[in-house]
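> coordinates only, sequence not included:
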């Protein structure tokens, strides 16, 4: 494999396109065809398109800012996540649409995809294989959504609780010793309220929720928070990567991850673990 280190800048139907170091391999024609198809849906000349494998980033901020986000958010998170968790790239090319503000986000979500967003932050469109982001709200949701296609490609039977727990962990992320880490975030306050009220379910219940149970009803935000801060605890104990790889390798034997969790934690007393975990969570702060 060879690298062409020339930076290529060209126009597609009036749309500014910047592509960085192109790998001269058999996959490039797929990306070239994909980018050519994009010109049929890109609405105007204000959009910049950047190839950032395995994604294509499209944004209507300034070209320099779109390039910055492609490199400092998309590439950074992909590189770090692959180093710790993921061997395989997503199975198909995914578009990352970065809209400069709420009005732009809602306008183009409707115009391009026929969607009326139910969240102010962003979402993944299965139908269009696209991440659709209001980037003015920050890059946290973008990193969250980037996790999901990698989970699908590497751990297709991952239950909702861990899929969302791991993705939510990186909504507020940084770097420690060259590795990506999750920081405390806005989900903490609601979780602490549930702990104070004594209404948080057991980890056995959380792990055994079906997708319908995890996402359904009024408790879904609590499920996200509990799953996130379980992942945060495992991270801080140096156990999260070990848990991911053991769970992914043995998910047929333990579809929920609960028994593997007990093994990683080296405990059979999960009631006591939850008490200890809750005490740690109550000591955390955000911001």
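Done, it's in. Given the structure is predicted, the values throughout are model-derived calculations rather than measurements. Residues are numbered from 1 along each chain as shown.
> Quick one: residues contacting the spatially most central residue of the chain.
Closest residue to the average C-alpha location of the chain: residue 144 at 2.5 Å, with Cα atoms, centre = their mean. Neighbouring residues of residue 144 by Cβ atoms under 8 Å, 6 or more residues apart in numbering: 167-168, 170-171. Heads up, the C-betas are built off the backbone N, CA and C, glycines and all.
> let's go with 6 Å and repeat that
Contacts for residue 144 (Cβ atoms under 6 Å, 6 or more residues apart in numbering) come out as 167, 171.
> what's the following helix or strand after the helix or strand hosting it?
Element membership for residue 144 (DSSP states H and E) is helix 140-154. As assigned by DSSP H and E, the chain's next helix or strand after helix 140-154 is helix 160-169.
> Point to the helix or strand of the chain where mean pLDDT is at its lowest.
Lowest on mean pLDDT, DSSP states H and E among the helices and strands of the chain sits strand 22-24, with a mean of 31.
> buried ones in the next helix or strand after that strand?
Using DSSP H and E, the helix or strand that directly follows strand 22-24 along the chain is helix 28-38. Neighbour counts over helix 28-38 (16 or more other Cβ atoms under 10 Å) mark 31, 35, 38 as buried.
> which phi and psi does residue 181 have?
phi -130, psi 150 (degrees, to the nearest 10).
> In space, what's closest to it - neighbours in sequence excluded?
residue 174 (5.7 Å; Cβ to Cβ, 6 or more residues apart in numbering).
> What of residue 194?
In space, residue 194 is closest to residue 200, 4.5 Å off (Cβ to Cβ, 6+ apart).
> helix, strand or coil for the one you found?
Under DSSP: H, G, I helix; E, B strand; the rest coil, the three-state class of residue 200 is coil.
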